[in-house]
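Got a predicted structure plus its sequence, pasted below:
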Amino acid sequence: MNKLASPRSQLILSMLIFGSIGVVRRYIPFPSSVVALARAVIGLCFLLLTRAIRHEPISRAAVKANLPKLLLLGVMLAVNWIFLFEAYNHTSVAAATMCYYMAPVFVILLSPVIFGEKITLRKGICSAIALFGMVLVSDVLSSGLHGVRGLVYGLIAAGFYAAIVIVNRTLKDISAGDRTIMQFAVSAVALLPYVLITEDVGSLRFTPFILLMLLVAGVVHTGYAYVLYFGSIAYVPAQTAALLSYIDPVVAVLLSLTLLHESMSVGALVGAVLVIGAMIASEIEPKKKA
């Protein structure tokens, strides 16, 4: 992680990188579990190499103190990646990403149970608007259930994403690098037997371009981006972090339309604006009167 950059700029950069992962996935013709495994292994190797070069050992005490949660996070991260990549396979990058960013809605709706917090009228209205926007993004009103599998996969990934964010905030006295390395390592260990059992690994054909895309996904979109994210999220106010996280879906939608030339109906575009706008509005706290 670049310590010369501010936490806010690091968080922005991580969101810009995350927003382009759907494009990279489009150019990797492998099953989602294989891509997730490659992402975990390459990202892990990248982080271990950089730590070795810097002579920065992993804190065994910190890992041991947080081990149960780290194991849970690693497994959830593996499942999260599989469902997100499957969403990209069954619907557009824009629609899959918008489903994925329903995670804040899940957190709001579950906050009374998880945190004992009350849902304010404003957050309730914003959540309802975001859910309606999600219906528009899915185009289910005009096209029926066509492509609904990708939307369901995206929403499942969103559920795991919300859980990962919540559990990560409960980790104590562990560096961003250590928590990231452990989550990648657990993800790789969890994914390896699953891939060997469910996929015909011997039939995979690796071309130089596919290897390049896998390296980009593993090094840039995984190792580097996650260190930026976990290393900055603790130093940026929660409201600011929530607002900046919406750089990701905006970038994904723009790349989907311009680079991949994926089509979106006017209704879907309106829905995307509603989802992003409603969630931003839900995070902006009104100024209190003096």
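Thanks, I have the structure now. Numbers count the residues shown, from 1 in each chain.

now the strands: where do they sit in this protein?
If DSSP state E is used as the criterion, the chain turns out to lack strands entirely.

Which stretches in the stretch 1-150 of the chain count as helices?
Counting by DSSP state H, counting those that start in this stretch, the stretch 1-150 of the chain has these helices, from start to end: 7-18, 21-26, 32-53, 60-65, 67-90, 93-100, 103-114, 121-138, 140-143, 148-168.

Revised request: answer the last question for the stretch 151-290 of the chain.
Under the criterion DSSP H, counting those that start in this stretch, helices of the stretch 151-290 of the chain are mapped to 176-198, 208-215, 225-233, 238-244, 247-258, 266-283.

pLDDT of the second one, averaged?
For helix 208-215, mean pLDDT is 95.

Can you name the residues in contact with stretch 251-265?
Here stretch 251-265 makes contact (Cβ atoms under 8 Å, 6 or more residues apart in numbering) with 15-16, 19-20, 22-23, 26, 92-95, 97-98, 139, 142, 272. C-betas here are computed from N, CA, C, even on glycine.

For that stretch, measure first residue to last.
With Cα to Cα, to the nearest Å as the measure, the first residue of stretch 251-265 is 18 Å from its last.

residues of that stretch that come out buried?
Of the residues in stretch 251-265, 251-253, 255-257, 262, 264 count as buried by neighbour count, 16 or more other Cβ atoms under 10 Å.

pLDDT at the closest residue to Asp173 other than its chain neighbours, what is it?
Spatially, and ignoring its direct neighbours in sequence, Asp173 is nearest to Ala62 (5.7 Å; Cβ to Cβ, 6 or more residues apart in numbering). According to the per-residue confidence, Ala62 scores 92 in pLDDT.

between the contacts of stretch 251-265, which is nearest Pro68?
Ranked by distance to Pro68 (Cβ to Cβ), the contacts of stretch 251-265 are led by Met15 at 29.2 Å.

Can you give me the distance of the closest one to Gly267?
For Met15, the distance to Gly267 (Cβ to Cβ, to the nearest Å) stands at 26 Å.

between the two, which one's more packed in?
Counted by other Cβ atoms under 10 Å, Met15 and Gly267 do not tie: Met15 has more neighbours, with 21 against 16.

wait, what's in contact with the more buried one?
If a contact means Cβ under 8 Å, 6+ apart, then Met15 has 244-245, 247-248, 251 as its contacts.

count of neighbours near the closest residue to it other than its chain neighbours?
In space, Met15 comes closest to Ile247 once its chain neighbours are excluded; the distance is 3.8 Å by Cβ to Cβ, 6+ apart. When counting by other Cβ under 10 Å, one arrives at 18 neighbours for Ile247.

thinking again about what came up before, and the helices of the stretch 151-290 of the chain, which one averages the lowest pLDDT?
Summarising mean pLDDT across these, the least confident stretch is helix 238-244, with a mean of 70.

Can you point out the buried residues in that one?
Going by neighbour count (16+ other Cβ under 10 Å), the buried part of helix 238-244 is 241-242, 244.

Looking at those residues, which is nearest Ala225?
Leu244 (13.7 Å).

With only the CA atoms kept, save stretch 195-204 in PDB.
Below are the C-alpha coordinates for stretch 195-204, written out as PDB (Å, rounded to 0.1, in the frame of the first residue of the first chain):
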ATOM      1  CA  VAL A 195     -12.700 -26.900  -8.400                       C
ATOM      2  CA  LEU A 196     -11.000 -30.400  -8.600                       C
ATOM      3  CA  ILE A 197     -14.300 -32.100  -7.900                       C
ATOM      4  CA  THR A 198     -16.600 -30.000 -10.000                       C
ATOM      5  CA  GLU A 199     -14.500 -29.000 -13.000                       C
ATOM      6  CA  ASP A 200     -12.600 -30.800 -15.700                       C
ATOM      7  CA  VAL A 201      -9.300 -28.900 -15.100                       C
ATOM      8  CA  GLY A 202      -7.500 -30.900 -17.800                       C
ATOM      9  CA  SER A 203      -9.700 -29.600 -20.500                       C
ATOM     10  CA  LEU A 204      -8.800 -25.900 -19.800                       C
END
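
Now do it: everything it contacts.
Applying Cβ under 8 Å, 6+ apart, the set of residues contacting stretch 195-204 from outside is 30-31, 33-34, 37.

which of these count as buried?
Listed as buried from those are 30-31, 33-34, 37; burial here means 16+ other Cβ under 10 Å.

just to revisit the earlier point, correct me, but the residue nearest to Met15 touches Ile12?
Yes - look at Ile247 against Ile12 with Cβ atoms under 8 Å: they come within range, at 6.3 Å.

Could I get the contacts of stretch 195-204 in CSV, plus columns for pLDDT and distance to Phe206?
Below are the contacts of stretch 195-204 laid out as CSV (pLDDT from 0 to 100; distance: Cβ to Cβ, whole Å):
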residue, pLDDT, distance to Phe206
Phe30, 92, 9
Pro31, 92, 14
Ser33, 93, 16
Val34, 94, 11
Leu37, 95, 14
